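Just the structure for this:
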Amino acid sequence: MKPKLKALGTKRLTLKRDEPLSSFAFKFNLRRYNKAEVMNLIGEVDGKVAIILDDMIDTGGTLVAGAKLIKKMGAKEIYACATHAVFSPPAVERLGSGVFTEVIVTNSMPHTPERDFPQLTVLSVGRGLHSSTFQLNLSRFGHTSRCPPV
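Below is the predicted model:
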């Protein structure tokens, strides 16, 4: 099986280049047999705050490996942000090991107290879902009014 190079999100970040970012870096993964190995980091992170964005965190292996590489390259703080917190074992132990300053996820999946660790922040998706659903239903019937607050 040929390894796949995963560089998702680079187009998204490049399009936002004009926003007030001081700099940015890319982490590339080499995926082989359902195991990701950090391949390369392109960019300067020395003395900077790093923010790693991903769609979901399952076991946290790839995320922690990337954070360790970024830390080794000199980042002073590392934040991880993901939409879906699957947190399959041993994710809680890996993510809570002190590599991250903060891990920010949403409650798009059920979250239980035994999956908490000191660096974890869980944000609610409730307000966004309420607003989107309300707007979709209004637009179906030709209304253009705004969504009332939750």
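
Need the pLDDT of residue 126.
Here, the pLDDT recorded for residue 126 equals 81.

gap between it and residue 133?
11 Å (Cβ to Cβ, to the nearest Å). The C-beta positions use only the backbone N, C-alpha and C, and glycine is treated the same way.

Also residue 117?
32 Å.

Neighbour count for these two, which is higher?
Counted by other Cβ atoms under 10 Å, residue 117 and residue 133 do not tie: residue 117 has more neighbours, with 16 against 11.

Secondary structure element for the more buried one, which one?
Of the helices and strands defined by DSSP states H and E, none includes residue 117.

could you list every residue that touches the closest residue to it other than its chain neighbours?
With sequence-adjacent residues excluded and distances taken as Cβ to Cβ, 6 or more residues apart in numbering, residue 117 is closest to residue 96, at 3.1 Å. By Cβ atoms under 8 Å, 6 or more residues apart in numbering, the contact set of residue 96 is 117-120.

Equivalent analysis for residue 50, please.
25, 67, 70, 75, 77-79.

which of these tops the neighbour count?
With neighbours taken as other Cβ under 10 Å, the top of the contacts of residue 50 is residue 67, carrying 26 neighbours.

Tell me if I am right that that residue is in a strand.
No. Using DSSP: H, G, I helix; E, B strand; the rest coil, the assignment for residue 67 is helix, not a strand.

Relative to residue 60, how far out is it?
In this view, residue 67 and residue 60 are 9 Å apart by Cβ to Cβ.

now swap in residue 137 and tell me
In terms of Cβ to Cβ, residue 137 sits 37 Å off from residue 60.

Many thanks, have a good one.
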